[in-house]
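>>> Fold the following, please.
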Amino acid sequence: MRARNTDRIVRGIALSVVLLGVAGMGASRWMGRASAPRLIRDYHPDSAVPRIPFDGTIVEGILLGRDFDVVGADMYLLDMAAPRVVFLHNTDDRWKVSGGFGKRGGGPGELLQPSGIAVTDSPRTIIIADQNRLHFFDAAGSYVRSLTPELPCTMAAPQVAAVDGAILMSGRCVRGDTVFAELFHIAGNAGISIVRDVLYTMDGKTGSVFGASSFFTTSTGGGTFGGGTSDCTYRINVRNEPPQSTSVCGLGSSRYAFVPDEHLVAKAKAVAAARPWIAAALTLPDRLPVYVDRISIDGVSLLLRPVNNDSVAFRVAGSEADLAIAPVEGLIGCRAAGCLWIQQDTVAKMMFVPAARISTFVRTQ
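Down below sits the predicted model:
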């Protein structure tokens, strides 16, 4: 698939389409495969562990919520299908749409396939990752400028983060016959690799096309990075020049079984038959990923670990103790301010769980 640069670029673009197409295969988004000392096939959480049931409220007009950021009482939600940015404001613990912007196209400030958003304060700036471009807008959504960083690999569905003045991009990057979750520091026009984590190899022997819902989560002075298919995360310090990473491994002694339904098996086979070059990587695994997202609260790193096809457990990194159980369906991901779920049927329903609420689970342990 990656024998020549031109072929690599073309198929990298095709891969991004495939990932977006099969990401809606229900529980399949949590598929992963890696060695582990213990496989748990039937998971039964303690009844005393707090549950976070989905109690979302309707958000009008959202087609495909893809990414978000929160600054104070304001949320910026990226609707990838429209495409546009939706402004929401929190009043009395209720999020309501307060505006937005976006126009489809390939011109300055126009959006083609936006997949990531970050918002800075003082001054308020909205940054959108759109394929290989970064667009910058002011607080009202007026276009300011664009940047096309020079990256050493083809990146699919990139996300962007801004912390302490540093701009970081993360996404799936193809290097040879291996696809990595990779994090870049954007310095001028260059994208400098900070760290990478193996997602899968094209022969299907390592990993899976499915892993973490987002690769990087901000925290004070940096954040936490990882793809979810290995048992490692990486702490990122942007206050160093250049930014540095420190690995933290051994995050769980157990892995949980993935049990696909017949519909999922049939769909995976159909996708693999239509795209032979990715068929091996689409082989259904027997194990769920080690984690699907991370969040740092009060200096404590928490993982969202998938424990069955329907649920994730909040756990302190390296611990096997459940702090809380939450649904898999609709999980967009976690940012410094909290975690977001959007379930979309005839209407979109959104649930945001702030970091302050999650911290109560940590303090009660």
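
>>> Without its sequence neighbours, what residue ends up closest to Gly211?
Gly228 (4.0 Å; C-beta to C-beta, 6 or more residues apart in numbering). Every C-beta, even on glycine, is put in place using the N, C-alpha and C of the backbone.

>>> hang on, isn't that neighbour packed against Val290?
Yes. Taking C-beta atoms under 8 Å as the definition, Gly228 is a contact partner of Val290 at 6.0 Å.

>>> Those two: which is more packed in?
Gly228 (33 against 26; other C-beta atoms under 10 Å).

>>> Regarding that one, what is its secondary structure?
coil (DSSP: H, G, I helix; E, B strand; the rest coil).

>>> Quick one: the strands in the stretch 101-250 of the chain, in order.
114-120, 125-130, 133-138, 143-147, 154-163, 166-175, 178-187, 190-201, 216-219, 222-225, 233-237, 244-248 (DSSP state E, counting those that start in this stretch).

>>> helices and strands around the second one, which ones?
Other helices and strands packing on strand 125-130, by 3 or more C-beta pairs under 8 Å, 6 or more residues apart in numbering; DSSP states H and E, are strand 114-120, strand 133-138, strand 154-163, strand 166-175.

>>> Pairing partners for that strand, with directions?
strand 114-120 (antiparallel), strand 133-138 (antiparallel) (DSSP bridges).

>>> Compare these and give me the one nearest Trp277.
strand 114-120 (22.3 Å; C-beta to C-beta).

>>> And for the closest one, what's in contact with it?
66-71, 74, 76-78, 80, 83, 85, 125-131, 157-162, 167, 169, 171 (C-beta atoms under 8 Å, 6 or more residues apart in numbering).

>>> in the stretch 251-365 of the chain, which spans are strands?
Using DSSP E, counting those that start in this stretch, strands in the stretch 251-365 of the chain cover 255-256, 293-297, 300-306, 311-316, 324-327, 331-335, 338-344, 348-354.

>>> Parallel or antiparallel, which strands does the second one pair with?
Right, strand 293-297. With DSSP bridges as the test, strand 293-297 pairs up with strand 300-306 (antiparallel).

>>> Just want the angle from the strand it pairs with to strand 338-344.
Strand 300-306 and strand 338-344 meet at an angle of 20 degrees, taking axes from the mean of the first three to the mean of the last three C-alpha atoms, to 10 degrees as the criterion.

>>> Buried by neighbour count: which residues of strand 300-306 qualify?
Buried residues in strand 300-306, counting neighbours by 16 or more other C-beta atoms under 10 Å, are found at 301-306.

>>> Likewise for stretch 146-161?
Those would be 149, 151, 153-161, for stretch 146-161 by 16+ other C-beta under 10 Å.

>>> Let's have the residues you listed in a markdown table, adding pLDDT.
Below are the buried residues of stretch 146-161 laid out as a markdown table (pLDDT from 0 to 100):
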| residue | pLDDT |
| --- | --- |
| Pro149 | 94 |
| Leu151 | 91 |
| Cys153 | 86 |
| Thr154 | 81 |
| Met155 | 86 |
| Ala156 | 88 |
| Ala157 | 90 |
| Pro158 | 95 |
| Gln159 | 96 |
| Val160 | 97 |
| Ala161 | 96 |
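
>>> Looking at the strands of the stretch 251-365 of the chain, spot the one closest to Pro53.
Per C-beta to C-beta, nearest to Pro53 of those: strand 324-327, 7.5 Å.

>>> who touches that closest one?
45, 49-54, 304, 307, 310-314, 339, 341, 353, 358, 361.

>>> out of the strands of the stretch 251-365 of the chain, which comes closest to Asn90?
strand 348-354 (8.2 Å).

>>> what angle sits between that closest one and strand 311-316?
Going by the same axes, to 10 degrees, strand 348-354 makes 20 degrees with strand 311-316.

>>> Return the set of buried residues in strand 348-354.
348-353.

>>> Would you reformat those as a markdown table and include pLDDT and distance to Ser142?
Formatted as a markdown table, the buried residues of strand 348-354 follow (pLDDT from 0 to 100; distance: C-beta to C-beta, whole Å):
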| residue | pLDDT | distance to Ser142 |
| --- | --- | --- |
| Ala348 | 91 | 26 |
| Lys349 | 93 | 30 |
| Met350 | 95 | 26 |
| Met351 | 96 | 31 |
| Phe352 | 96 | 26 |
| Val353 | 96 | 32 |
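
>>> Can you name the two of these that sit furthest apart?
Ala348 and Val353 (16.9 Å).

>>> For the nearest residue to Ala161 once chain neighbours are set aside, give me its contacts.
Spatial nearest neighbour of Ala161, excluding adjacent residues (C-beta to C-beta, 6+ apart): Leu168 at 4.6 Å. Leu168 makes contact with 160-162, 183-186, 194, 216, 223, 236, 238, 243, according to C-beta under 8 Å, 6+ apart.

>>> quick one: low-confidence parts of the stretch 1-150 of the chain?
Judged by pLDDT under 70, the stretch 1-150 of the chain has its weakly predicted residues at 1-37.

>>> Which residue ranges of it form helices?
Along the stretch 1-150 of the chain, counting by DSSP state H, counting those that start in this stretch, helices occupy 5-22.

>>> rewinding a little: which one of the buried residues of strand 348-354 is nearest Ile295?
So of the buried residues of strand 348-354, ranked by how close each gets to Ile295 (C-beta to C-beta), first place is Val353, at 9.8 Å.

>>> Let me see the confidence value for Ala321.
pLDDT, Ala321: 92.

>>> For it, the count of nearby residues, please.
Ala321 has 10 nearby residues by other C-beta under 10 Å.

>>> My guess is it contacts Arg315. True?
Yes. Between Ala321 and Arg315 a contact is recorded at 6.4 Å, counting by C-beta under 8 Å.
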